[in-house]
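Colleague: Any chance you can model this:
(one chain, ligands or ions: 1)
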Amino acid sequence: MTPAIEVKQVYKCFGRLQALGGVDLEIRVGEFFALLGPNGAGKTTLINIIAGLTRASRGSVRVMGHDVVMDYRDARRVLGVVPQELVYDPFFTVRETLEIQSGYYGLKNNGAWIDEIIHHLDLADKAHVNMRALSGGMKRRVLVAQALVHKPPVIVLDEPTAGVDVELRQGLWRFVKQLNREGHTIVLTTHYLEEAEALCSRVAMLKKGNIVALDSIRNLVNSVTGCRVRLRLSPDVLPSTLQPLLSSAEEGYYILALEGYFLLEHVMEALRAAGSQVLEMQILQPDLEEVFIKTMAGTEIAKSARIAETTALPT
Ligand SMILES: Nc1ncnc2c1ncn2[C@@H]1O[C@H](COP(=O)(O)OP(=O)(O)OP(=O)(O)O)[C@@H](O)[C@H]1O
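Modeller: Prediction:
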């Protein structure tokens with residue numbers, strides 16, 4: 001089956017800066033996929049290349065089988081992109097903006113679908129308000145609506161929830177999940193890892209323009225070795241013998257990273273020897289955030305989940 005998005009050996013240089021260093025990626029039709037990475041990793045550059053807004057220095061990209069350069073008209077027709085930046089025309093109302101956007105795709109009589117999008121994105125009472133009079137969160141809703149006017153089978157959302165309130169976030173995800181259930185492929189970039197974990201089935205992690213992890217969330221989380229323990233102690237001091245295990249400390253809690261559960265006994269011994277009393281103790285389950293931190297730090301999980309070692313896509 002033709003993949004929704006196929007990225008082959010894509011490089012992008014801005015002058016001497018290499019933003020992408022040979023990215024290979026295949027996203028299947030119907031997937032809810034997350035593209036993760038720290039600031040400057042190359043996520044937006046890759047999205048812009050997929051959207052045909054930036055040309056790759058080398059390599060090729062296809063959306064639903066259409067090459068984004070050779071066959072750009074068809075590639076754009078099957079793709080809707082919600083950009084990270086708030087770009088809008090201040091002279092039109094919300095509804096006019098969506099009607100104009102429909103016009104770009106040659107769509108007449110698109111009113112029923114526009115009404116549906118307006119309803120789902122909770123924009124009904126703003127439909128006749130001028131774009132410049134909307135709050136930042138409202139403008140972002142319109143950007144989402146604009147990306148959907150032509151009912152594209154592939155939808156890319158570049159940090160759609162950055163700086164928006166909880167209500168919009170929840171409403172947006174409800175709508176996007178519905179679109180995914182109806183068969184739309186969703187690609188999401190976000191810095192909210194818990195959001196990616198809750199919504200997506202597979203993730204790619206980009207670091208300095210290269211994919212360093214690509215797998216299902218379940219496989220990535222299962223590949224975390226060792227365990228973490230969260231402690232609250234009295235007195236509120238971590239004995240010096242345990243300092244080498246300290247992963248982080250905040251608000252009276254110490255998080256220790258252990259190679260395995262067998263080290264718990266050593267921790268308890270050290271606490272007893274130092275006269276520390278355990279007020280609270282919690283074994284933390286690995287999550288996507290831990291995978292992300294370890295991958296970006298270049299520890300063993302990055303190697304175990306490397307794209308080169310990833311075999312077939314999950315069926
Ligand atoms: N038009 C441009 N000209 C020069 N350098 C650019 C341009 N666009 C991006 N870059 C650089 O390319 C690298 C990747 O940037 P990109 O915006 O793709 O990262 P990102 O992963 O989307 O980051 P963020 O999470 O901050 O949005 C960065 O070093 C950035 O400064």
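Colleague: which parts of the stretch 1-150 of the chain sit against the ligand?
Modeller: 14, 17, 19, 37, 39-45 (Cβ under 6 Å from any ligand atom). Every residue, glycine included, has its C-beta placed from N, CA and C.
Colleague: Which pLDDT value does the model give Asp122?
Modeller: pLDDT for Asp122: 87.
Colleague: My guess is it contacts Leu168. True?
Modeller: Yes - here Asp122 reaches Leu168: they are 7.5 Å apart, a contact under Cβ atoms under 8 Å.
Colleague: between those two, who's got more neighbours?
Modeller: When neighbours are counted by other Cβ atoms under 10 Å, Asp122 and Leu168 differ, and Leu168 comes out ahead with 18 against 15.
Colleague: any idea which helix or strand carries that one?
Modeller: Assessed by DSSP states H and E, Leu168 sits inside helix 166-181.
Colleague: next structured bit after that helix?
Modeller: That would be, after helix 166-181 and using DSSP H and E, strand 185-189.
Colleague: where along the stretch 51-200 of the chain do the strands fall?
Modeller: In chain order, the stretch 51-200 of the chain shows strands spanning 58-63, 66-67, 79-82, 154-158, 185-189, with DSSP state E, counting those that start in this stretch as the criterion.
Colleague: Now that we have these, can you turn them into TSV and tack on mean neighbour count and mean pLDDT?
Modeller: Formatted as TSV, the strands of the stretch 51-200 of the chain follow (neighbours: other Cβ atoms under 10 Å; pLDDT from 0 to 100):
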stretch	mean neighbour count	mean pLDDT
strand 58-63	19	98
strand 66-67	18	98
strand 79-82	23	94
strand 154-158	24	95
strand 185-189	24	96
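Colleague: which one of those lies closest to Val129?
Modeller: Proximity to Val129, assessed across these by Cβ to Cβ, is greatest for strand 79-82 (20.0 Å).
Colleague: other SSEs contacting the closest one?
Modeller: Under the contact criterion of 3 or more Cβ pairs under 8 Å, 6 or more residues apart in numbering; DSSP states H and E, strand 79-82 touches helix 43-50, helix 136-148, strand 154-158.
Colleague: Let me see the contact set for the closest residue to Ala124 other than its chain neighbours.
Modeller: Among residues not flanking Ala124 along the chain, Ile118 sits closest, at 5.6 Å (Cβ to Cβ, 6 or more residues apart in numbering). Taking Cβ atoms under 8 Å, 6 or more residues apart in numbering, we find Ile118 in contact with 94-95, 98, 124, 127, 145.
Colleague: 10 Å instead?
Modeller: Counting by Cβ atoms under 10 Å, 6 or more residues apart in numbering, Ile118 touches 94-95, 98, 124-127, 141-142, 145.
Colleague: what does the helix holding Leu168 contact?
Modeller: By Cβ under 10 Å, 6+ apart, helix 166-181 touches 30-32, 80, 82, 116-117, 119-122, 137-138, 140-141, 144-145, 148, 151-153, 155, 157, 160-161, 164-165, 184-186, 188, 192, 195, 198-201.
Colleague: Give me the secondary structure label for the residue in the stretch 201-315 of the chain positioned nearest to the ligand.
Modeller: In the stretch 201-315 of the chain, no residue comes nearer to the ligand than Leu206, which is 6.4 Å away by Cβ to the nearest ligand atom. Local secondary structure at Leu206 is given as strand here, using DSSP: H, G, I helix; E, B strand; the rest coil.
Colleague: Many thanks, have a good one.
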